Structures are given as C-alpha cells and as structure tokens.
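Trainee: I would like to see how this sequence folds:
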Amino acid sequence: MTDAEIVKLYQDGDEAAIKATAARYQTMLMRVAMQILNDREDAEECVNDTYFAAWNAVAATNPSHLGAFLCRIVRKKAIDRLRTNTRKKRCGQEYYISLEELSEVLEGDETPEKALDDELLTEAIQRFLKDQTADVRKLFLGRYFWFCPLKEVANSCGMSEANAKTVLFRTRKKLREFLEKEGFMPCKANSC
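Mentor: Residues are numbered from 1 along each chain as shown. Got it, this is the predicted structure:
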C-alpha cells in the first residue's frame, strides 16, 4: 500500500490505516526508537504512541512523505521517554553522546527566548547542510538527528570510524562558524 493510500485511509477515519502503517513502517519506527532508547519495551510503547499521534494528525496535516512524518513523531516520543527515564537514572546512550559532541556548537539553555529561535536555527542548519556533500549530510544527520553510533554511520558512508570522526569534527567547526555569521551565537575572538 502506498503512502497516499494510507493517508487516504486516515482521512476517511478508517482504522485499517493503523494496520497499514504498522505493516509498512513498524521496522523503521522500531529502529529509530531503539537507537535512542536501547530498550525494546520502551521503543514499542513509543511506536504505539506514534500510531495514536498519527491517527490524530495525519488527516489534518496530509504529509507528502508519511515515513518521514512518522519518524519525526517517533523520534520526539523516544527522546521524551529517554528524558523521563534518565531523570531516574543516568546512562550513556547514543543520544547523550551525540548531544555532547554537538555541545561545542549549540548551547543548551532552555529559555522561552531560545525556544522562539528554534525554528530559525533549524532553517539555518538546513541551509548549512545543503551546502555540504551528500556524505557529510548523511554522517551529520545519522549521528545527530538519528543518534546512530559513529561506527554505524561511518560504515553507511563507506569510511573508517576515524575518518568519520574527523569529518564530523570539521563539520561541527564549520557549522559553528556558520552559526556565528548568522548571529545565533557569539563570535569567538578573531573569528568575526
């Protein structure tokens, strides 16, 4: 069943939409949730929550790419679940490792003013990534959006882990310079 046919089922309020979504996207959604949570039970709950969220949102949003739409939902739900879980216990998940690597580029202040800038920051990062090679984009998104282990994203791009680490380091440095020029962060001495 195609994405358009599944979306039509959602629009018609047909419960078969959930079964069709699960048949087509269950494996992908579980993989995304597992990359973040590393716990099968929590991942399954996030995927089920994703189906519920899709039931409430697909008809109204009419996504052109259902898979990406669902991945975005499950990713957010998994991150929320991980935050809840780690309030009780701290663990070294790929999510935290990835965020630590990005901490030199993006500051972690959670203020209302910063929340208002999130959309503009997202657009700026998208512009930055459009100017990068396909491999750099794939590495960056695999590591920092999907939270894949470094070895996995390196293999998917056909490079060594050391090379991928170097490419990501240089990309983060370029991203920081780009964001400084765009006015999202204060310039370092002699860089502006």
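Trainee: so the residue most central in space within the chain versus Gln126, what's the distance?
Mentor: Nearest to the mean C-alpha position of the chain, counting by CA atoms, centre = their mean, stands Phe145 at 3.2 Å. Applying CB to CB, to the nearest Å, the value for Phe145 to Gln126 is 11 Å. Glycine gets a C-beta too; all of them are placed from N, C-alpha and C.
Trainee: how about Ala16?
Mentor: From Ala16 to Gln126 the distance is 35 Å (CB to CB).
Trainee: for the two, work out which one has more neighbours and name it.
Mentor: Neighbours were counted for Ala16 and for Gln126 using other CB atoms under 10 Å; Ala16 has more, 12 against 9.
Trainee: phi, psi of the more buried one?
Mentor: Per-residue torsions, Ala16: phi -60, psi -20 (degrees, to the nearest 10).
Trainee: can you tell me the closest non-neighbouring residue to it?
Mentor: In space, and not counting its chain neighbours, Ala16 is closest to Leu9: 5.5 Å by CB to CB, 6 or more residues apart in numbering.
Trainee: now for the protein, the helix or strand with the poorest mean pLDDT.
Mentor: helix 94-102 (a mean of 63; mean pLDDT, DSSP states H and E).
Trainee: and this structure, what are its domains?
Mentor: Residue ranges for the domains of the chain, per automatic domain parsing: 3-88, 96-181.
Trainee: comparing those domains, which gets the lowest mean pLDDT score?
Mentor: When these are compared by mean pLDDT, domain 96-181 comes last with a mean of 81.
Trainee: now do it: distance to the chain's middle.
Mentor: 11 Å (CA atoms, centre = their mean, to the nearest Å).
Trainee: which residue ranges of this structure form strands?
Mentor: With strands called from DSSP state E, the chain shows none.
Trainee: relative to Val47, how far out is the residue nearest to the centre of the chain?
Mentor: 18 Å.
Trainee: need the contact list for Ala43.
Mentor: Met30, Ala33, Met34, Leu37, Ala78 (CB atoms under 8 Å, 6 or more residues apart in numbering).
Trainee: so which residues of this structure form helices?
Mentor: All helices of the chain, identified by DSSP state H, fall at 3-11, 16-37, 40-61, 66-88, 94-102, 112-130, 134-144, 150-156, 161-181.
Trainee: export the shortest one as PDB, just CAs?
Mentor: Extracted as PDB, the C-alpha positions of helix 150-156 are listed here (Å, rounded to 0.1, in the frame of the first residue of the first chain):
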ATOM      1  CA  LEU A 150      29.600   6.500  15.000                       C
ATOM      2  CA  LYS A 151      30.700   3.100  13.600                       C
ATOM      3  CA  GLU A 152      27.300   2.600  12.000                       C
ATOM      4  CA  VAL A 153      27.200   6.000  10.200                       C
ATOM      5  CA  ALA A 154      30.800   5.600   9.100                       C
ATOM      6  CA  ASN A 155      30.000   2.200   7.600                       C
ATOM      7  CA  SER A 156      26.900   3.500   5.900                       C
END
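Trainee: can you give me the buried ones in it?
Mentor: Buried residues in helix 150-156, defined by neighbour count with 16 or more other CB atoms under 10 Å: Leu150, Glu152, Val153, Ala154.
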